[in-house]
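Trainee: I would like to see how this sequence folds:
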Amino acid sequence: MNLLDLIITNPQHKQLLLIGAYRDNEVDDFHPLISSLKQIESKQGKINSIVLKPLLENDLSEITRQS
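Mentor: The predicted structure follows:
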């Protein structure tokens, strides 16, 4: 996490995109990931979050039909 912090907040990295994923029901406010994200934001690092909802049965049926 320290390495990510250094990379993301380094002003020389103007065009850097990192994509990560985690299950929000498996981390709380005291988890190291959440602490690191807050620290990165406090150093003017930009963090965008996309919250995904669970797939419904119809969604899964559609995916298997297209495969």
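
Trainee: And the helix or strand hosting Ile34, what's buried?
Mentor: Ile34 belongs to helix 32-42 when assigned by DSSP states H and E. For helix 32-42, burial by neighbour count (16 or more other Cβ atoms under 10 Å) applies to 36-37, 40. For glycine as for every other residue, the C-beta is placed from the backbone atoms N, C-alpha and C.

Trainee: Please name the spatially closest residue to Leu37 (chain neighbours excluded).
Mentor: Spatial nearest neighbour of Leu37, excluding adjacent residues (Cβ to Cβ, 6 or more residues apart in numbering): Ile47 at 5.7 Å.

Trainee: Thought Gln39 was touching the one you found, still the case?
Mentor: No. Using Cβ atoms under 8 Å, Ile47 makes no contact with Gln39, being 10.6 Å away.

Trainee: Can you list the buried residues in stretch 42-49?
Mentor: With burial defined by 16+ other Cβ under 10 Å, the residues of stretch 42-49 counted as buried are Gly45.
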